[in-house]
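[1] coordinates only, sequence not included:
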Ligand code: EPU
């Protein structure tokens, strides 16, 4: 059994530091059972923190998960002169932008770590200081992850983009004005870029082909609290009327539906039962449909959703997509569960061009997954969506056995831990630090679910 950690993160004397853990020895074959609390969404919280730069007064953000991506954004804000303090209620941050200042490439680079968040500082910094710097960006290695939509949008607002050996320097010599922008693809980050820039630009911005993920709607709610005027129409159109002044907000973040879906799949894969406290049905409709079709059972309650297997696991055909489709961040833990379903499942990844590489390690653990780098055609499918799509064909059921695996990225890493917990025997899972980017108190939650593991490095 694993050792217990207190709320403050202090571990028992003599035990390894869970916040620094990099390698786990996991003994599988035991169902995960219990309750996990799902806090604010990583993909909203980090953006709402950046939005605080736009206000003239202090913002308060609640239900902030203490994940490493939040720490990165916090230190990037601090480098730019924002004072960040913790509130009395756990997970509350106060963000005071009154001392905002420019930062140097080296400072931004040193604090950005592997995060892609610096790119979203552009609009707010251009309004505040007339200049934004972006060093080379990180993020999960799941494809090329270009930033052309972001740069094109900023240029449409009147920004000037200069590339140098240090990174990208963006200025707005004549200020920023509203723009008509049509995104080539409903990119989450580019939509956020436009929102964070347009709210203080002069005039009206019309954004077409926008992403409409629930986290984006929550960011719009944050900006509206700050004084922004934003409306939207069907068919992915968002209008933003620029205003002269924004103030701080007080906001409780939307729950992390990616984390809730991850734990749901963990219950499915290990034949356990997990209550995801804080999960809400409305924002997970698409996931719940697929979960049910794959043989999952769920019960929507006032304060969360209970997940377990139903009668038997079943193979499914899934295509990832932008919201309201099946999120690309949900396929990795689902694939682990599908290795245990009798029959052939197909998962098409259409959002990123390299997000099925993680399945190699699942094969090492006994799975039978074949990746088709250009996707596959099938009469059951609608037309292929993008040139870059790939498909994983999963033949099950295949018993999983322990193996030595290394975490490649956030969601892939989570799926390795779940696979190891579903497998017979002991696995070594290395490089688990990446999982802390998106899952708060990960080892503590595994312990609460009765997982059998030790930190070995
Ligand atoms: N794209 C471009 N050019 C751009 C921007 C995006 O070609 O300038 C392409 C990407 O390469 C990709 C597609 O557009 O093929 C979608 O990318 P998007 O911009 O929507 O993704 P993102 O904003 O970089 C966010 C989340 C991801 C999540 C995606 C999709 C954050 C910090 N990250 O990324 O989260 O998978 O949206 O929903 O919000 C994760 O949580 O594990 C994660 C990777």
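    Cool, got the structure. Just so we're clear, the structure is a prediction, and the values are computed from it rather than from any experiment.
[2] Point out the residues in this protein that sit beside the ligand.
    42-43, 116, 140, 143-150, 185, 187-190, 211, 258, 327-329, 351-352, 410-411, 438 (C-beta under 6 Å from any ligand atom). Glycine gets a C-beta too; all of them are placed from N, C-alpha and C.
[3] Now, those residues that are in helices?
    Using DSSP state H, the members of the residues of the chain next to the ligand that fall in helices are 42, 43, 148, 149, 150, 188, 189, 190, 258, 410, 411.
[4] ok so, going back, pull out the buried members of the residues of the chain next to the ligand.
    42-43, 116, 140, 143, 147, 149-150, 187-190, 211, 258, 327-329, 351-352, 410-411, 438 (16 or more other C-beta atoms under 10 Å).
[5] From residue 353, how far off is the closest residue to the ligand within the stretch 51-200 of the chain?
    Relative to the ligand, the nearest point of the stretch 51-200 of the chain is residue 189 (2.8 Å; C-beta to the nearest ligand atom). Counting by C-beta to C-beta, to the nearest Å, the gap from residue 189 to residue 353 is 16 Å.
[6] Surely residue 348 touches residue 318?
    Yes: shown here, residue 348 and residue 318 form a contact pair, counting by C-beta atoms under 8 Å, at 7.0 Å.
[7] who touches both of the two?
    Common neighbours of residue 348 and residue 318, counting by C-beta atoms under 8 Å, 6 or more residues apart in numbering, are absent.
[8] ok, which pair from the ones in helices among the residues of the chain next to the ligand is furthest apart?
    148 and 258 (25.2 Å; C-beta to C-beta).
[9] which stretches of the stretch 101-250 of the chain form strands?
    Listed in chain order, the strands of the stretch 101-250 of the chain (DSSP state E, counting those that start in this stretch) span 131-134, 160-164, 167-171, 180-182, 204-208, 229-233, 237-241, 250-252.
[10] Tabulate those strands (TSV), appending distance to residue 401 and mean neighbour count.
    Formatted as TSV, the strands of the stretch 101-250 of the chain follow (distance: least, C-beta to C-beta, whole Å; neighbours: other C-beta atoms under 10 Å):
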stretch	distance to residue 401	mean neighbour count
strand 131-134	44	23
strand 160-164	49	11
strand 167-171	45	19
strand 180-182	50	15
strand 204-208	49	19
strand 229-233	49	14
strand 237-241	49	19
strand 250-252	43	17
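[11] Export these as TSV, with columns for mean pLDDT.
    Formatted as TSV, the strands of the stretch 101-250 of the chain follow (pLDDT from 0 to 100):
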stretch	mean pLDDT
strand 131-134	90
strand 160-164	90
strand 167-171	91
strand 180-182	98
strand 204-208	98
strand 229-233	96
strand 237-241	98
strand 250-252	98
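[12] residue with max distance from the center of the chain?
    Among the C-alpha atoms of the chain, the one most distant from their mean position (C-alpha atoms, centre = their mean) is that of residue 174, at 34.9 Å.
[13] measure that one to residue 202 for me?
    Distance from residue 174 to residue 202, by C-beta to C-beta: 10 Å.
[14] coming back round to it: would a markdown table of the strands of the stretch 101-250 of the chain with distance to residue 98 be doable?
    A markdown table is the format used below for those (distance: least, C-beta to C-beta, whole Å):
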| stretch | distance to residue 98 |
| --- | --- |
| strand 131-134 | 19 |
| strand 160-164 | 28 |
| strand 167-171 | 23 |
| strand 180-182 | 31 |
| strand 204-208 | 27 |
| strand 229-233 | 24 |
| strand 237-241 | 25 |
| strand 250-252 | 17 |
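[15] Give me the neighbour count for the closest residue to residue 69 other than its chain neighbours.
    Spatially, and ignoring its direct neighbours in sequence, residue 69 is nearest to residue 437 (4.9 Å; C-beta to C-beta, 6 or more residues apart in numbering). When neighbours are defined as other C-beta atoms under 10 Å, residue 437 has 21 of them.
[16] Surely residue 426 touches residue 24?
    No: Residue 426 is beyond contact range of residue 24, at 10.2 Å (criterion: C-beta under 8 Å).
[17] Which of those two has more residues huddled nearby?
    Counting neighbours by other C-beta under 10 Å for residue 426 and for residue 24 shows that residue 24 has the greater number, 25 against 18.
[18] Can you name the element that comes right after the helix or strand hosting that one?
    Using DSSP states H and E, residue 24 sits in strand 23-27. Heading C-terminal from strand 23-27, the first helix or strand you meet, by DSSP H and E, is strand 33-37.
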